[in-house]
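K.L.:
Build me a structure from this.
(chains A and B)
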Amino acid sequence: MSFLAVTRATLAKDLRLEWRSKDAINAMLFFSLLVVVIFSFAFDPTAEESRRIAGGLIWVAFLFAAVVALNQTWARELRNHVLDAYRVSPAPADPLFLAKAVGNFIFVIVLEALMAPLFIIFYKLRPLGPAWELLPIAVLGTWALVVNGTFFAALSIRTKNREIMLPLLLFPISLPALLGMVNATTAVLTGEESAKFWIALLLAYDVVFTIACLLLFETILEAE
Amino acid sequence: MKRGFPILAIVTALLLSFGLYEALIVAPTERTMGDVQRIFYYHVPSAWTAFLLFLINFVASVTYLIRRNAKADILALVSAEVGVVFCTVVLVTGPIWARPVWGIWWTWDLRLTLTLVLWLIYVSYLMLRRFSTSSQTPVMAAVLAVFGALDVPLVYFSIWFFRTQHPSPVIGDGGSLDPRMAHVLLINWAAFLCLAWLVCWTRYRLEVVQREVEEAQSLEALLEGDGSR
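P.N.:
Residues are numbered from 1 along each chain as shown, chains lettered A, B, ... in the order given. Modelled structure (predicted):
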């Protein structure tokens, strides 16, 4: 099977599973809804204040919610020894990783699209900078979280308490990406400075770690 | 090899006491900061030693990924452990100095933040090693070490830009170092390098013995299991 065919088959399977069960997306949606409500209660910000803090709140909510989807990425494949089967099959490792990462990317992007209106309502947001820049920020930022998240989820499936291990590995490495997303979003919302540098940083982060993940994933998959 | 160990231990002890004497008594008192500046002779050598150990960890991890050599793995583990200890010393002595001099315990300055992020990355590396249940822990740890190293330049640029955008309360260290101070600094760095080497060596031998014991135990358990059947 070619690279693309394996990717497409795995991705279609994951999307179909999620479409029928809706496990991840429901948990993520409810979780980020709770974060929105709790932060809104806790800070009760005015429109001016919320412009400054919303960038941080949005991405913290998405980061924590994304962990829900990332944790179940590989756990599902362990149950019936799917990973063992994959390992002995002649299919290369990278399409599997790519399909999983793209699947998680779709879940988190859907979550963001559904949550964004709520954020705007609760925090009375109206961007003062160029609003279209939020689109590349969302895409690059989400990929930054998801590509390393999918990889570290594969690392942590063989640890004692894997649910807690994933954020412990993912968050320290993600710090520059998080700084990029939060500052880019804040820059667009306040309109005080340009978000260009942060978008470039996110792009660099995505390129570096996508290459690293693809190069090293086979090592991780075969390590048993 | 084994005979070198006590010699290194003696050299380390002598250098450390000489460094302490030089730092507390011989080195001139800094004009504006006063005696509190003397913590610098411990802070800076610890930082250099920690960064060097993290570099060793990266090289050893890459070597392990290519050669699958158990020695490289032990070296990676040991350098990360000792590096985290020295990094902790840096993060503790820094605020003790910063409080009287800058008036604040902590600021999100470039070097401070970079050190903290490095510390976080290597603590998560050690956590992975501790919590892993697989026999392939070295592979996973080595991969994580590579990711951590790739992260460092990105962290650097992000904080650099973050901080040049916002004025920091810290006055840059303009001016040059007194040659006598530089001399004391280098002596202390030599002492700390010897200390790090000594601790790494001890830890390395401990890890080798521990692995031998584990292997012997699992072999024993295997043989007993066969006998009872």
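K.L.:
Enumerate the residues of chain B near chain A.
P.N.:
When proximity is defined by CB under 8 Å from any CB of the partner chain, chain B lies next to chain A at B:65, B:117, B:120-121, B:123-124, B:127-128, B:131-134, B:136, B:139-140, B:143-144, B:146-148, B:150-151, B:154-155, B:157-159, B:161-162, B:165. No exception for glycine: its C-beta is placed from N, CA and C like everyone else's.
K.L.:
Output the below-cut-off pLDDT ranges for chain A.
P.N.:
Along chain A, segments meeting pLDDT under 70 span A:1, A:224.
K.L.:
Any residues of it in contact with chain B? List them.
P.N.:
Neighbours of chain B within chain A, by CB under 8 Å from any CB: A:148, A:151, A:155-156, A:158-161, A:165, A:168-169, A:171-173, A:175-177, A:179-180, A:183, A:193, A:197-198, A:201, A:204-205, A:208-209, A:212, A:216, A:219-220, A:223-224.
K.L.:
quick one on the thing from earlier: which of the residues of chain B next to chain A fall in helices?
P.N.:
Of these, the ones assigned to helices by DSSP state H are B:65, B:117, B:120-121, B:123-124, B:127-128, B:131, B:139-140, B:143-144, B:146-148, B:150-151, B:154-155, B:157-159, B:161-162, B:165.
K.L.:
Which of those are buried, as a ChimeraX select command?
P.N.:
In ChimeraX, this line selects whichever of those come out buried by 16 or more other CB atoms under 10 Å in any protein chain shown:
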select /B:65,117,120,121,123,124,127,128,131,139,140,143,144,146,147,148,150,151,154,155,157,158,159,161,162
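K.L.:
So what's the residue count around residue 133?
P.N.:
Picking chain A for this. Using other CB atoms under 10 Å in any protein chain shown, residue A:133 has 19 neighbouring residues.
K.L.:
that's the other chain; I wanted chain B
P.N.:
Residues within reach of residue B:133, counting by other CB under 10 Å, total 10.
K.L.:
which residues touch it?
P.N.:
A:158-160 (CB atoms under 8 Å, 6 or more residues apart in numbering or on different chains).
K.L.:
Going along the chain, name the helices of chain A.
P.N.:
Remark: helices assigned in chain A by DSSP H are A:3-21, A:23-43, A:47-79, A:82-88, A:93-122, A:134-156, A:162-190, A:196-222.
K.L.:
Tabulate these (JSON lines), appending mean neighbour count and distance to residue B:85.
P.N.:
Shown next, in JSON lines, are these (neighbours: other CB atoms under 10 Å in any protein chain shown; distance: least, CB to CB, whole Å):
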{"stretch": "helix A:3-21", "mean neighbour count": "15", "distance to residue B:85": "43"}
{"stretch": "helix A:23-43", "mean neighbour count": "16", "distance to residue B:85": "36"}
{"stretch": "helix A:47-79", "mean neighbour count": "20", "distance to residue B:85": "30"}
{"stretch": "helix A:82-88", "mean neighbour count": "13", "distance to residue B:85": "37"}
{"stretch": "helix A:93-122", "mean neighbour count": "19", "distance to residue B:85": "35"}
{"stretch": "helix A:134-156", "mean neighbour count": "23", "distance to residue B:85": "24"}
{"stretch": "helix A:162-190", "mean neighbour count": "22", "distance to residue B:85": "18"}
{"stretch": "helix A:196-222", "mean neighbour count": "18", "distance to residue B:85": "28"}
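K.L.:
mind giving me JSON lines with these and columns for distance to residue B:81?
P.N.:
As requested, the helices of chain A are exported to JSON lines (distance: least, CB to CB, whole Å):
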{"stretch": "helix A:3-21", "distance to residue B:81": "38"}
{"stretch": "helix A:23-43", "distance to residue B:81": "35"}
{"stretch": "helix A:47-79", "distance to residue B:81": "27"}
{"stretch": "helix A:82-88", "distance to residue B:81": "31"}
{"stretch": "helix A:93-122", "distance to residue B:81": "30"}
{"stretch": "helix A:134-156", "distance to residue B:81": "19"}
{"stretch": "helix A:162-190", "distance to residue B:81": "17"}
{"stretch": "helix A:196-222", "distance to residue B:81": "23"}
